[in-house]
Every structure is written in structure tokens, then in C-alpha cells.
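Visitor: test case, fold it:
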Amino acid sequence: MKLDFCAICGSTNDLHQHHVDPVVYSGRKRGNKKRYSPSKSIGDCATKEIFACLFDRGVISEDEELTVCYYHHNLLHGIMRFQRVEHGNLVKEGIERARKQGKTLGRPKIPPIRRAEVKELRDQNVSFRNISKRTGVSPTAAQRIVNEG
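Guide: Residues are numbered from 1 along each chain as shown. Next up is the predicted model:
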């Protein structure tokens, strides 16, 4: 549904369609309820709250597009850039919190016995695919082990 006015300010001049991904930017799928307070000023709302409100009001169409004027189109792109940066910061905080809770992060370590087995099989000219089947180590990991020395 393409509106004939800006969904944010109501302007009818220089309208653009802005694509909005509901999962990435609102943090929810259409059927889920996202709680937000309609009494909050827009400046105090998180980006997820803003998009949740727009979905609930029916301003964002079924093809996930929002009709906005040129000014608000540029503003929304600025919000998206900011949110990507903020998302990176939240990921870093989550990783740090997981480490503090003692969770192991990253690729699992391959035990020395398994590493020796991979090297021995490769010395016998066994293919990396067959090494993978015999040891349970991926072919790429087997190549990495052999190339290490």
C-alpha cells in the first residue's frame, strides 16, 4: 500500500519508498507483540520501538515499504547506519558477558591425539575427505593441521 503522504510528517512533496526489514530493524516478526509506550516522545524511543509502532499503526505496507518524504528518507537511512554500529556494540557486550559467565567461545580445539592422527593419515597419502570421515575433523581443519607443520 503506497501512501500519498509522508508517514512521519504528512508532507505530500517529494515522496520516496523506504524498504524496512521487520526482523532486523524492529526486532520482531509481524505476529509478535512488541511492547512500546505510545506516550514516549520519539526522541526517547529506541529504533525497535519506533518501527514496532509503525507496524502496529499499519503505516508500513505488506511489501515492507514505508512512504516518506525526502527529508525523512535520509533520516531513516541515518538511523539504520547508527543501529548497525549500535548492533556491533551490543554483540561485543554480549560476548564479554558470556566470557564472564565462563562460556567457551570460538572454534572448538582439536585434541593433540586427533591432530597426530590427521598428520599420520596424511603422511600415508590419505585424502582430506577420507581423513575427515575417519577422524571426525572437517577437511578444512585437516588441511590447516597439516599445513601448520
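
Visitor: quick one: average pLDDT of the lengthiest helix in the chain?
Guide: Longest helix of the chain, by residue count under DSSP state H: helix 70-100. Here helix 70-100 scores 77 as its mean pLDDT.

Visitor: same thing with stretch 16-27?
Guide: 55.

Visitor: show me what contacts residue 141?
Guide: Contact partners of residue 141, counting by CB atoms under 8 Å, 6 or more residues apart in numbering, are residue 110. C-betas here are computed from N, CA, C, even on glycine.

Visitor: mind checking what secondary structure it has?
Guide: helix (DSSP: H, G, I helix; E, B strand; the rest coil).

Visitor: could you check the pLDDT of it?
Guide: 92.

Visitor: cool, the one 3 residues further on as well?
Guide: Residue 144 carries a pLDDT score of 93 in this model.

Visitor: got it, and the one 3 residues further on?
Guide: Residue 147 carries a pLDDT value of 92.

Visitor: ok, residue 44 next?
Guide: The per-residue pLDDT reported for residue 44 equals 62.

Visitor: still on that earlier bit, next structured bit after the longest helix of the chain?
Guide: Later in the chain than helix 70-100, the nearest helix or strand by DSSP states H and E is helix 112-123.

Visitor: spit out the contact partners of residue 70.
Guide: Taking CB under 8 Å, 6+ apart, one finds 13-14, 16 in contact with residue 70.

Visitor: just the residues you listed: which are in strands?
Guide: Judged by DSSP state E, the contacts of residue 70 include residue 16 as members of strands.

Visitor: got a markdown table for the contacts of residue 70, with distance to residue 91 too?
Guide: Formatted as a markdown table, the contacts of residue 70 follow (distance: CB to CB, whole Å):
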| residue | distance to residue 91 |
| --- | --- |
| 13 | 39 |
| 14 | 36 |
| 16 | 30 |
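
Visitor: could you flag which of the contacts of residue 70 are buried?
Guide: residue 16 (16 or more other CB atoms under 10 Å).

Visitor: list just the nearest of the contacts of residue 70 to residue 102.
Guide: residue 16 (49.0 Å; CB to CB).

Visitor: list the contacts of that closest one.
Guide: 67-70, 73.
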